[in-house]
Each structure stands twice: as C-alpha cells, then as structure tokens.
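K.L.:
show me the folded form of this:
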Amino acid sequence: MPNSIRRNDASTFSRHRAANKAPWTTKSLVCLIFWLWAGCTDTLVEPLVRTTPPPDDKTCPPPATACEGECHDFGSSNLHCGRCGLACGGGAHCESGSCVCEDGQTMCNGVCTSLDGDSHNCGACNRSCSPDDICIKGDCKSGCSSPAKYCDDVCVDVKSNNDHCGDCSVECGNGQSCHDGKCECELPWVSCGNVCVDTDKDPKNCGGCTKACNMGQTCVDGKCL
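P.N.:
Numbering: from 1, shown residues only. Sure, this is the predicted structure:
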C-alpha cells in the first residue's frame, strides 16, 4: 500500500475520532495499529475463535460403554448400572442394567432387607412391629419381652436356657448350665481350661486343675491312688 494512502487513511481516522469528540483510549490505539499493520502485509488475519475440547472419544469393546473416561458394562457395573452415574447401593447389585437385591430380600427405602425378619419392614415395606414384638416370617409376634426372646420361632429365656444361653444358639457344654445368661459348671464340677471337670474323679485334674495322676493311678475323692 502506498505511504500517501496510509497517511490519508490515518488522517481520515483521526478526523472521525475528532468529530465524535471522544478521547483516545488504549483500545482505540490498538485498533489503529492493527488496522495499519494489516494494510502493510499480504497475510490473511484470521479471527481468534475459542474452541471447546472434543468429547471423550474412548472406544470400548462391546458391551462396554465409555463413562468418565473408563469402560463400563451398564448391564453389570454397580457404579454405572443402566446408564452413566447410576450406582447401586443399600446391598443391591446390578443385574441386566437394573439394581436388584439378593434372593429373599426386598428393596425398602433404598436398602435391601428381609421382610420375614425385619421389625421395621415386617411382611411389607414400612410395616413396623411394636417395641416388644418381633417379626417372624413376616408377622409381628408379641408376648416375648426381655429377657426372653424368640429363638427358632420359640420364645425362650436366654438367661437360663441351656440351648440359648445369653443369646440364640449359644449352647452350654457338658456339665454346664445357664445362669444369668452365662454357661457355668454345675457343682461339684469346676472349670478347667474352659471345660467342666469333676476334680474328685478326673485323673488329669485330681484335686484341682492340671493336677495329673501318674500313669496307672486313679483319682479317688481328689487323690491319686
């Protein structure tokens, strides 16, 4: 571009600014410099365009699908069950794209539970038994208050029952009986190494625990003979 044309263009630009009576600003000067430079070069100036990064194009082998940068099978993934971001919780697992409970359990309020024995969901979700009742096979059973409790669908006193001593299915051993929920040896038996023995007759504990008789001897009234 001839210098005379550039000077005329600059003069025109200055007269235009003066006519608008607007002060020169940094932005105006930058625009003027850029305009003059563009007229002195044959380079095509492209506008700046802000682009968005391309989406995740991760390729996953079937039947997996890309989700959060990793491959997941929506049919079995507990973190992405059926779709991205849908996680199974409350004891459920993903099966064929749906969150399901184990056999014999039902989803109640987001948690898998057994309707046969859950006192808060007895027979159906949100069906609660009273504080003194217990849920047995989906029905609220009453009449078994503490210290008694239901064991094997039978109300028993766990403080004195030898088959359920202290809790269900805790059995007392040979020579023991349940006293106040604890298995204890019956007199005259005593506990030696968590085993009830008769120290009057036991040759391995004759007269006391670990007092063994010599080979060939017998224990009589707590003495080795």
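K.L.:
list the buried residues of stretch 105-118.
P.N.:
Q105, C108, V111, C112, T113, S114, L115, D116, D118 (16 or more other Cβ atoms under 10 Å). C-beta here means a position set from N, CA and C on the backbone, and glycine is covered the same way.
K.L.:
export those to a markdown table and tack on distance to S160 and secondary structure?
P.N.:
What follows is the buried residues of stretch 105-118, written out as a markdown table (distance: Cβ to Cβ, whole Å; DSSP: H, G, I helix; E, B strand; the rest coil):
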| residue | distance to S160 | secondary structure |
| --- | --- | --- |
| Q105 | 34 | coil |
| C108 | 36 | strand |
| V111 | 36 | strand |
| C112 | 36 | strand |
| T113 | 32 | strand |
| S114 | 29 | coil |
| L115 | 32 | coil |
| D116 | 28 | coil |
| D118 | 28 | coil |
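K.L.:
quick check: the two most widely separated of the residues you listed?
P.N.:
V111 and D116 (15.4 Å; Cβ to Cβ).
K.L.:
domains in this structure, by residue range?
P.N.:
Residue ranges for the domains of the chain, per automatic domain parsing: 3-38, 66-100.
K.L.:
hey, least reliable of the ones you listed by pLDDT?
P.N.:
Mean pLDDT values for the domains of the chain show the minimum at domain 3-38, a mean of 49.
K.L.:
not counting sequence-adjacent ones, nearest residue to C206?
P.N.:
Spatial nearest neighbour of C206, excluding adjacent residues (Cβ to Cβ, 6 or more residues apart in numbering): C219 at 3.7 Å.
K.L.:
swap in E68?
P.N.:
C84 (7.0 Å).
K.L.:
repeat for D163
P.N.:
D163 sits nearest to E171 (Cβ to Cβ, 6+ apart), 5.4 Å away.
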